[in-house]
Every structure is written in structure tokens, then in C-alpha cells.
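Asker: generate a structure from the sequence data that follows.
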Amino acid sequence: MSSIITLTTDFGPSDSYVAAMKGVILGINPEAKLVDICHTISPQDIAQAAFILGTAYQSFPKGTVHLVVVDPGVGSERRAVILRTPSADFVAPDNGVLSYVIEESSPGPTDEHQQRELAPALEAFAITNPHYWREPVSPTFHGRDIFAPVAAHISLGHPPADFGEKITSLETLLLTRPHQEPSGTVVGHILHIDSFGNLITDITAQYLSPEGKSLDIKIGKHTIHRLSRTYAEAEGLLALIGSSDRLEISIKGGSAHNLLNAEVGDEVRVSPHG
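Answerer: Model prediction:
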């Protein structure tokens, strides 16, 4: 059993919340290896947290426990859950923050915010057994009092069934997918804007021709006429396949976000050149 526990929150670097969670974990499992994925998720931005987690978790060793606390519904009737996959365990609120993890094994319709039935390879459990919680439980800090101790106990080898009853579905977000028009144009959207101002889209490499470089990539009033291989390859605005295997819009030495005034959800169109 791996003793690696990752943390993803919207708590930021300026308060004691993350440290309090780590203290609870280490009090239960002093040998735990704690890794911060991100604590600068925009406040209550479930979609951003889901994307960040989705691009990071597969880089960790099998059996890693991923603790995610982006929880605008804390203290409400939303469920606290454990998701077990063939490669990792996840401890999180049931609010869509695990959407990309679920989509990896349980692809399905994304036309609404919904409960998604899980694939046979996945197991989920509601966290309902207070024996593993920190007492007293604050109605505003389940990260410290419920999620952190549960993650610590899982890292010690406790099976997910110890924490509550098995459930068969979890909440998922509306995940955009690119689509192809009859003309051959692929229409996608910006999923994420990273700290460099790169615009990461939902258009994966499979939607682009093997030649790749003879494309027109249009965002707003701007058109890029080829794919670059690296961020340093072209001057000005450029497009490339980034480390997440998705099309990115970037600018050498600057911020595409600032240049284009682009936002998450904006449309990106990729057409055969000419």
C-alpha cells in the first residue's frame, strides 16, 4: 500500500487550512508522503480542480491516495466519497471534482450535470462512518475533520468499505467535447488557462491530421496557420500539442490569455489549411 497522499484545494497559500489538514494526516500516519498538486484553485471552482487533478493523477505511483477539497457545498447534504480505481484512491466531495477521473473509465453523455453510473472497474463508497472522523466535526471544515483523516486511514491500508456503504454513481460535470463539422472543421473550446497564460483546449491530438502543420487554427479574430512543436519554435501567437495531449494556444515570451482576452469556454476552430 502506497503512503503517498496528494492534496488539491482552493485554500491558497496564505492561511492555515492546508497545514491543518497535513497535521491531521501525519498524526494518523506519520510515514505519509504528502505531495501538493495545487492549492491555488480559484475559490469554489470545481471544474478547474477537476481538470488539474485529471492532468496530474496518472503521473503518480499505483495506490496513491488523492485528497481533493474544493467544496462549496461543505456542511450541506452533498456526499463525501471515496472512489477506488485500478490505479489510485480518491477522497473528495461528490460534486463533480472527480469528473475527468470517472470519464477515463466511464465515458458517457455529458449533456447535463448528472449522477454518472460507474464502470465495473470503479468502486465508490459514501463516507458515513464517524469512527474515522476527527471530533468534533466543524460544519465548515470537512477537509480537516472528515476528508484528511479518511485519506490517512486509507493510506494505512483500510479498505474503502470500512468508511461507509457502497454506491454505484457519482456526480459529474458537463465536460465539453470537440465536434467535427461536415466541412472537416473541428470545433472545440478552451478548458483551462494555466499560470503562463496558455489556453488549453478540449481538442486532443487525435482530432488533428498526422501532418499537423497544414492547419488553420482560429480563435476570435486571430488565425494560426501551423502547429509548432515547442513554445520557442515560433514568434508571436502559436499553437501546439501540450503535455496534456491537448491543443494549446500560446505566445512566446507572453500570455495568450492577455493578448486575446480569452476565457474558459471560448471557441477554437481547426480547419484544413486553405
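Asker: okay, and the beta partners of A88?
Answerer: Here A88 sits in beta bridges with T64, going by DSSP bridges.
Asker: so what pLDDT did it get?
Answerer: Looking at A88, its pLDDT is 97.
Asker: the one 10 residues further on too?
Answerer: pLDDT for L98: 97.
Asker: next, count neighbours for it.
Answerer: By the criterion of other C-beta atoms under 10 Å, L98 has 31 neighbours. All C-beta spots, glycine's among them, are computed from the backbone N, C-alpha and C.
Asker: how far away is it from M21?
Answerer: To M21, L98 is 18 Å away according to C-beta to C-beta, to the nearest Å.
Asker: which helix or strand contains L67?
Answerer: Assigned by DSSP states H and E, L67 falls within strand 64-69.
Asker: try H153
Answerer: Taking DSSP H and E as the criterion, H153 maps to helix 148-155.
Asker: can you show me the CA trace of that helix as CSV?
Answerer: Backbone C-alpha positions of helix 148-155 (Å, rounded to 0.1, in the frame of the first residue of the first chain) are rendered in CSV as follows:
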residue,chain,number,x,y,z
ALA,A,148,-8.0,14.3,5.8
PRO,A,149,-8.4,11.5,8.4
VAL,A,150,-10.1,9.2,5.9
ALA,A,151,-7.3,9.7,3.4
ALA,A,152,-4.8,8.9,6.2
HIS,A,153,-6.5,5.7,7.2
ILE,A,154,-6.8,4.6,3.6
SER,A,155,-3.0,5.1,3.2
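Asker: ok and that helix relative to strand 64-69, angle-wise?
Answerer: Interaxial angle, helix 148-155 versus strand 64-69 (axes from the mean of the first three to the mean of the last three C-alpha atoms, to 10 degrees): 170 degrees.
Asker: now for the helix or strand of the chain with the lowest mean pLDDT, which elements pack on it?
Answerer: Every helix and strand of the chain was ranked by mean pLDDT, DSSP states H and E. The lowest is strand 114-117, at a mean of 85. On a contact count with 3 or more C-beta pairs under 8 Å, 6 or more residues apart in numbering; DSSP states H and E, strand 114-117 meets strand 169-172.
Asker: contacts for the strand it packs on next, please.
Answerer: Contacts to strand 169-172, defined as C-beta atoms under 8 Å, 6 or more residues apart in numbering, come from residues 81, 83, 94-96, 98-99, 102-103, 110, 113-118, 124.
Asker: next SSE downstream of that strand?
Answerer: strand 179-180.
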